[in-house]
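Visitor: Quick one, structure for this:
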Amino acid sequence: MPNHTYKKMEIVGSSTIGIDDAINNAVARASKSVHNIRWFEMEEVRGHVDKGKVAHWQVTVKIGFTLD
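Guide: Residues are numbered from 1 along each chain as shown. As a prediction, this is how the structure comes out:
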């Protein structure tokens, strides 16, 4: 097995449904232009509150991938 070199990038996913959906949206979008994604790290969770309820989630994730 060859040695791998990895890179991480930070992105923000969003959703009106919840945290899991925000993470999935971020990973799905990143996978359209970044190849060899291997993992993610959730860094930060934010949300927008409207009329006393959570209306929108934002999740900062770091995406790890191997370099070609």
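Visitor: any chance you could map the helices in the protein?
Guide: Here the chain has its helices, by DSSP state H, at 19-30.
Visitor: any weak-confidence spans in it?
Guide: Along the chain, the parts satisfying pLDDT under 70 run over 1.
Visitor: in it, which spans are strands?
Guide: With DSSP state E as the criterion, the chain has strands at 6-15, 37-50, 53-66.
Visitor: chain center to the shortest one, what's the gap?
Guide: Right, the one you point to is strand 6-15. Offset of strand 6-15 from its chain centre (C-alpha atoms, centre = their mean, to the nearest Å): 4 Å.
Visitor: on that earlier part again, packed most tightly, which of the strands of the chain would that be?
Guide: strand 53-66 (a mean of 16; mean count of other C-beta atoms under 10 Å). Every C-beta, even on glycine, is put in place using the N, C-alpha and C of the backbone.
Visitor: What strands line up against it, and which way round?
Guide: In the sheet, strand 53-66 lines up against strand 6-15 (antiparallel), strand 37-50 (antiparallel) (DSSP bridges).
Visitor: Make a markdown table out of those strands and add distance to Thr60.
Guide: Shown next, in a markdown table, are the strands paired with strand 53-66 (distance: least, C-beta to C-beta, whole Å):
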| stretch | distance to Thr60 |
| --- | --- |
| strand 6-15 | 5 |
| strand 37-50 | 4 |
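Visitor: For Val27, find the nearest of the ones you listed.
Guide: strand 37-50 (5.9 Å; C-beta to C-beta).
Visitor: before we move on, back to that, the strands of the chain into TSV, with extra columns for distance to Val27?
Guide: Shown next, in TSV, are the strands of the chain (distance: least, C-beta to C-beta, whole Å):
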stretch	distance to Val27
strand 6-15	7
strand 37-50	6
strand 53-66	7
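Visitor: Ala28 is nearest to which of those strands?
Guide: So among those, strand 6-15 is nearest, using C-beta to C-beta, at 8.5 Å.
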